[in-house]
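Asks: next comes the sequence, and after it the predicted model I'd like to discuss.
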2 protein chains.
Amino acid sequence: METTTQQTDQQRSAQQRRRELLEAADRVVLRDGPGASMNAIAAEAGITKPILYRHFGDKGGLYAALAKRHTDALLDSLRAALDAPADRRERVEQTLDTYLAAIEARPQVYRFLMHPSDSATPGEQGFDVGLHSAPVLRRMGEELAQVIEERVDLGPGSAQLARVWGHGIVGMMHAAGDWWLGERPCPRAELVSSLADLLWGRLAAAGDRVGGPGF
Amino acid sequence: METTTQQTDQQRSAQQRRRELLEAADRVVLRDGPGASMNAIAAEAGITKPILYRHFGDKGGLYAALAKRHTDALLDSLRAALDAPADRRERVEQTLDTYLAAIEARPQVYRFLMHPSDSATPGEQGFDVGLHSAPVLRRMGEELAQVIEERVDLGPGSAQLARVWGHGIVGMMHAAGDWWLGERPCPRAELVSSLADLLWGRLAAAGDRVGGPGF
DNA sequence: GACTCCAGTTACCGCAAGTAACGTATGTCT
DNA sequence: AGACATACGTTACTTGCGGTAACTGGAGTC
């Protein structure tokens, strides 16, 4: 009995420890960029490397755990926007705005999740994140696809179509957001409405310019 | 005079050398994945590391040169599709199809350009490509923006709008293509028309499903 | 009081990026 | 022709990272 209790306690503190480690990793990664070394993270947590490896297996595991936290948080916000009681256009704009506000508010986190190999330090090893950044977008794409299929009537082949659109829209949002974050060419609201316009077929509706057939 | 001639000759062979090195690097990267070591590339080229560094500065430089080759080639194809004599919808579909055909035909190249950290070998160091893969998409986004602005009449604020759309569309194409390449859920033509439908506002036009306002 | 677990440590291995210092052939000046 | 500079190429090294093995100290258990 006491064995069980003790084990529970230990597991409890292990869970606790893991959270502490993740928070330390978070701090370091946000400070040093994604090239943060395991040593640096361990130091920040006040311990040494092998402990990190006991908890997370390898660097990828640590990254995955870290990414999952942020991704889950982001997806929660997006779900809220996606489920808001409003018409479709408004929901789309709300969702875009939520995403863009998130990456605007914490660009370091964003860059870590999406472009993990960027860094100030040139001796960069990267977080070999290519394996992990895709999943973030994939998850978002799949979730959006699900919402689309649940709520929009697309006729036959809707499942396929919804998935294509889910991934496509997420990619659009991501790429536009990435570019916007780098250049800040306009306020967020303008970007949101421009993208919504695009999704609303304004490209198809626009007229040609001067000579010859337009794009 | 002869000095000049000789210098020219030397530069000529330097250019030649550079091309050979790039081709060797290409082979290795396509064979071993993006984690190919500088040593391996040098060996494939029949020389040793320092020469690579003399030519390309560092690994990033080599990658950049390599990426530029492929990116230029891809952009040329896309420009051709973009400038074809047909109506807008057809051009859009042609462009999408060209891009997707390219990544379908040479997935190794594509994965190298876009997800350079993926690899079979687990001891992966990656090509710290995050710094370089973005430029590929950025260039495509900017080029598309330019074409859009040249040929489509968007009224006031067209420059901004064109850029947003350029990057957004490229991102859509990229994300959908990436997902499609991984799962191959449908033939290419279907993906192309689904994406074109999305750009043509079919999401906005579709009706709601059963209860409540749709997405 | 001896035993057994764990958390944690030090000290190490392997490997890849990048560099320094050392040949060696080629063509140039006197 | 023969001493000399220059660029090509090499070997051999340093540094710094991810990852691991083997040791250490202090909880609780019989």
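Replies: Thanks, I have the structure now. Numbers count the residues shown, from 1 in each chain, chains lettered A, B, ... in the order given.
Asks: if you rank every helix and strand of chain A by mean pLDDT, what lands last?
Replies: Taking mean pLDDT, DSSP states H and E as the measure, chain A has helix A:2-32 as its least confident helix or strand, at a mean of 72.
Asks: give me the buried positions along the very next helix or strand once past it.
Replies: Remark: after helix A:2-32, the chain's next helix or strand is helix A:38-44, criterion DSSP states H and E. Residues of helix A:38-44 classed as buried: A:38, A:40, A:41, A:42, A:44 (neighbour count, 16 or more other CB atoms under 10 Å in any protein chain shown). Just so you know, the C-beta spots here come from the backbone N, C-alpha and C atoms, and that holds for glycine as well.
Asks: next one: stretch A:51-63
Replies: A:52, A:55, A:56, A:59, A:60, A:62, A:63.
Asks: and it, end to end?
Replies: Taking CA to CA, to the nearest Å, stretch A:51-63 runs 15 Å from one end to the other.
Asks: any residue of it up close to chain B?
Replies: No. Judged by CB under 8 Å from any CB of the partner chain, stretch A:51-63 and chain B are separated, with a smallest distance of 8.6 Å.
Asks: mind listing the helices for chain A?
Replies: Remark: helices of chain A, listed N- to C-terminal, are A:2-32, A:38-44, A:49-56, A:59-82, A:88-105, A:107-114, A:130-151, A:158-183, A:188-199, A:202-205; assignment by DSSP state H.
Asks: if we can go back for a sec, how about TSV for the buried residues of helix A:38-44, with distance to residue B:72 and pLDDT added?
Replies: Formatted as TSV, the entries for those read as follows, by distance: CB to CB, whole Å; pLDDT from 0 to 100:
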residue	distance to residue B:72	pLDDT
A:38	38	93
A:40	38	93
A:41	39	93
A:42	43	93
A:44	43	92
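Asks: quick one: which of those residues is nearest DNA strand D?
Replies: Distance ranking of these against DNA strand D, using CB to the nearest atom of the strand, places residue A:38 first at 3.7 Å.
Asks: and residue A:94, how many neighbours?
Replies: Using other CB atoms under 10 Å in any protein chain shown, residue A:94 has 17 other residues around it.
Asks: ok, now how distant is it from DNA strand D?
Replies: 38 Å (CB to the nearest atom of the strand, to the nearest Å).
Asks: measure that residue to residue A:101 for me?
Replies: With distances defined as CB to CB, to the nearest Å, the gap from residue A:94 to residue A:101 amounts to 10 Å.
Asks: let me know the pLDDT of the closest residue to residue A:179 other than its chain neighbours.
Replies: With sequence-adjacent residues excluded and distances taken as CB to CB, 6 or more residues apart in numbering or on different chains, residue A:179 is closest to residue B:167, at 4.3 Å. Here the pLDDT value assigned to residue B:167 is 98.
Asks: what about residue B:167, how many residues nearby?
Replies: Residue B:167: 27 surrounding residues under other CB under 10 Å.
Asks: run through the residues that contact it.
Replies: Remark: with contacts taken as CB atoms under 8 Å, 6 or more residues apart in numbering or on different chains, residue B:167 is in contact with A:175, A:176, A:178, A:179, A:180, B:137, B:138, B:141, B:142, B:144, B:145.
Asks: wait, the third one touches residue A:107, no?
Replies: No. At 10.3 Å, residue A:178 does not count as touching residue A:107 under the criterion of CB atoms under 8 Å.
Asks: these two - which one has more neighbours?
Replies: For residue A:178 and residue A:107, the more surrounded residue by other CB under 10 Å is residue A:178, and the numbers stand at 21 against 13.
Asks: distance of the more buried one relative to residue A:138?
Replies: 16 Å.
Asks: can you pull the phi/psi pair for residue A:106?
Replies: With angles defined as degrees, to the nearest 10, residue A:106 shows backbone torsions of phi -130, psi 70.
Asks: give me the number of residues near it?
Replies: Burial of residue A:106 is recorded as 16 neighbouring residues (other CB under 10 Å).
Asks: pLDDT below threshold where in chain A?
Replies: With pLDDT under 70 as the threshold, chain A has low-confidence stretches at A:1-12, A:115-134, A:210-215.
Asks: if you set the cut-off to 90 instead, what comes out?
Replies: Under the criterion pLDDT under 90, the flagged ranges of chain A are A:1-20, A:29-36, A:60, A:63-64, A:67-68, A:83-84, A:106-137, A:155, A:205-215.
Asks: got the contact list for the closest residue in space to residue A:194 that isn't next to it in sequence?
Replies: On the basis of CB to CB, 6+ apart, the spatially nearest residue to residue A:194 that is not a chain neighbour turns out to be residue B:164, at 4.2 Å. When contacts are counted by CB under 8 Å, 6+ apart, residue B:164 touches A:176, A:180, A:186, A:191, A:194, A:195, A:198.
Asks: next one: residue B:164 from residue A:198, what distance?
Replies: Relative to residue A:198, and taking CB to CB, residue B:164 is found at 7 Å.
Asks: which among the buried residues of stretch A:51-63 gets closest to residue A:17?
Replies: Out of those, the one with the shortest distance to residue A:17 is residue A:55. That distance is 7.2 Å, counting by CB to CB.
Asks: the closest one and residue A:18 touch, don't they?
Replies: Yes. Here residue A:55 reaches residue A:18: they are 5.6 Å apart, a contact under CB under 8 Å.
Asks: how close does the nearest residue to residue A:53 once chain neighbours are set aside sit to residue A:135?
Replies: Setting aside the residues directly before and after it, residue A:53 is nearest to residue A:38 in space (CB to CB, 6+ apart), at 7.8 Å. With distances defined as CB to CB, the gap from residue A:38 to residue A:135 amounts to 21 Å.
Asks: next one: residue A:63
Replies: When CB to CB is applied, the distance between residue A:63 and residue A:135 equals 11 Å.
Asks: again, but for residue A:64
Replies: Applying CB to CB, the value for residue A:64 to residue A:135 is 8 Å.
Asks: more crowded one of the two?
Replies: With other CB under 10 Å as the criterion, residue A:64 and residue A:135 differ in neighbour count, and residue A:64 comes out ahead with 18 against 14.
Asks: if I look at that one, how far off is residue A:42?
Replies: 18 Å.
Asks: contacts only, for the residue nearest to residue A:20 when sequence neighbours are not counted.
Replies: Leaving aside its chain neighbours, residue A:20 sits nearest to residue A:45 (6.6 Å; criterion: CB to CB, 6+ apart). Residues in contact with residue A:45, defined by CB under 8 Å, 6+ apart, are A:20, A:21, A:24, A:25, A:51, A:52.
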